[in-house]
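Chemist: Following is a predicted model, sequence given first.
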Amino acid sequence: MSEAKPAKEVKDPKGVTITVMGREFRVAAPDGEERQLVASVDFLNKKMREIRDTGKVVGNERIAIMAALNIAHEHLQKPASSRAAKTAPVDVDAEFARGRIHAFEDIIEKAISDQEKLF
């Protein structure tokens, strides 16, 4: 497998083109936040490669869902004071959210397992 290249931004009047797991997407980015977007894309690609490389999840869409769930879970594991400095205040019951994330992980794992039995 090829080594990942850092994300590059391609900016034009219609937005910024980013590459996630080899696929290009055009997204809007406020002026001055393009570098943060590229850093976010690099982080997402890293998380997605980690999941892909386990061999347990197949398909970019499933890998993306698992990466999103893992990132959300990691975010919710951080102390509230750490999150508050980086995000707007949100009325979230962390225990409820963790339970929902675990439930989603179980559902996705079961769906993947059931689908693998078809092949």
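Modeler: Perfect, thanks for sending it.

Chemist: got any ranges where the chain has weak pLDDT?
Modeler: By pLDDT under 70, the weakly predicted segments of the chain are 1-14, 80-92, 114-119.

Chemist: In it, where's the longest helix?
Modeler: If you go by DSSP state H, the chain has its longest helix at helix 94-118.

Chemist: Now the residue nearest to the spatial centre of the chain: which helix or strand?
Modeler: Using CA atoms, centre = their mean, the residue of the chain that lies closest to the mean C-alpha position is residue 68, 3.6 Å off. Here residue 68, judged by DSSP states H and E, is contained in helix 60-77.

Chemist: looking just at contacts, which helices and strands does that helix meet?
Modeler: Judged by 3 or more CB pairs under 8 Å, 6 or more residues apart in numbering; DSSP states H and E, the packing partners of helix 60-77 are helix 34-54, helix 94-118. To be clear about C-beta, it is placed using only N, CA and C from the backbone, and glycine gets the same treatment.

Chemist: Show me what counts as buried in stretch 70-82.
Modeler: 70, 76 (16 or more other CB atoms under 10 Å).
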